[in-house]
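Chemist: Just need the structure, nothing else, for what follows:
(one chain, ligands or ions: 1)
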Amino acid sequence: SGPIDNPRGALVVLEGLDRSGKTSQASGLLSYLERLGLSAELWRFPDRNTCVGQMISSYLTNKSHLDDQTIHLLFSANRWEKRSLMESKLKSGTTLIVDRYSYSGVAFSSAKGLDIEWCKGPERGLLAPDLVVYLNIPPEKASERGGYGGEKYEQLEFQRKVAQHYEILHDATWKIVDACLPMEDVAKQLQELVLDCVTKCQEGKPLSNLWS
Ligand code: NYM
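Modeler: Next comes the predicted model:
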């Protein structure tokens, strides 16, 4: 069975600062793809449902303390424990819309001062996204949006640093969408980008690994 008989799904990642609108846009995208009759699922990282995810969650809610390297590796392990399921879903034709991925991992940890190459290390070999959309919002604007929830990292000063580190990670495959536009306009742009990407994957674009 070739790519035409057995088309694979696309791995689509949404990235951006806290309060950039990723989560709302991701669920809008899911209903859009379903309306088109495509098989799609919404995923997010951290996935707080696993044992590792629960350790991450208690760190983020300040119920436990971990040093910067340790939490970095837990975020990465949380992606590794989902890698094989991710691959089988994609191969069986399901498109995955993923709210945060390795770029969050590297941007947030390197914003704390960890070496960026060290941060990328454990991410190598995870599946590479077919499309990364960065929802671009100035940190000041994001902080005005209904306030932060009080988890770790949700402070303007730190978000400014994260924004700078995201910028270092941008590569040719990233699409940047202005997250200050009205929600419907952001949604429209996302739909176009994602549909184009899904089509390329159906036509046989191969899956590859991240940063290897
Ligand atoms: N975060 C998320 C990281 O620091 N590293 C990672 O690898 C990932 C996936 O967790 N402030 C941070 C970014 C967020 C926080 O994410 C929780 P969310 O999307 O608010 O549940």
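
Chemist: Provide a list of residues in contact with L36.
Modeler: L195 (Cβ atoms under 8 Å, 6 or more residues apart in numbering). Backbone N, C-alpha and C define where each C-beta goes, glycine included.

Chemist: for E87, that is, sorry about that
Modeler: L127, L207.

Chemist: can you tell me which helix or strand it belongs to?
Modeler: Assigned by DSSP states H and E, E87 falls within helix 83-91.

Chemist: Please spell out which residues along that helix are buried.
Modeler: In terms of neighbour count (16 or more other Cβ atoms under 10 Å), helix 83-91 has its buried residues at M86, K89, L90.

Chemist: Pull that helix out as PDB, backbone CA atoms only.
Modeler: Extracted C-alpha coordinates of helix 83-91, given in PDB (Å, rounded to 0.1, in the frame of the first residue of the first chain):
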ATOM      1  CA  ARG A  83       6.200   8.800  20.900                       C
ATOM      2  CA  SER A  84       5.200   5.400  19.700                       C
ATOM      3  CA  LEU A  85       1.500   6.100  20.100                       C
ATOM      4  CA  MET A  86       2.000   9.300  18.200                       C
ATOM      5  CA  GLU A  87       3.700   7.400  15.400                       C
ATOM      6  CA  SER A  88       1.100   4.800  15.100                       C
ATOM      7  CA  LYS A  89      -1.700   7.300  15.100                       C
ATOM      8  CA  LEU A  90       0.000   9.300  12.300                       C
ATOM      9  CA  LYS A  91       0.600   6.200  10.300                       C
END
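
Chemist: Below-threshold pLDDT in the chain: ranges please.
Modeler: Applying pLDDT under 70 to the chain flags residues 1-4.

Chemist: change it to 50
Modeler: Counting by pLDDT under 50, the chain has low-confidence residues at 1.

Chemist: Show the residue spans covered by the strands in it.
Modeler: For the chain, applying DSSP state E gives strands covering 11-16, 40-44, 95-99, 131-136, 174-178.

Chemist: ok, which residues in the chain are in contact with the ligand?
Modeler: Contact residues (Cβ under 6 Å from any ligand atom) of the chain with the ligand: D18, F45, P46, L60, F75, R100, S104, G105, F108, Y153.

Chemist: how about the helices in the protein?
Modeler: Counting by DSSP state H, one finds helices in the chain at the ranges 22-35, 51-60, 68-80, 83-91, 102-111, 116-120, 139-144, 156-169, 183-202.

Chemist: Reformat the ones you listed as a markdown table; add distance to D130.
Modeler: A markdown table is the format used below for the helices of the chain (distance: least, Cβ to Cβ, whole Å):
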| stretch | distance to D130 |
| --- | --- |
| helix 22-35 | 14 |
| helix 51-60 | 24 |
| helix 68-80 | 16 |
| helix 83-91 | 9 |
| helix 102-111 | 14 |
| helix 116-120 | 19 |
| helix 139-144 | 26 |
| helix 156-169 | 17 |
| helix 183-202 | 5 |
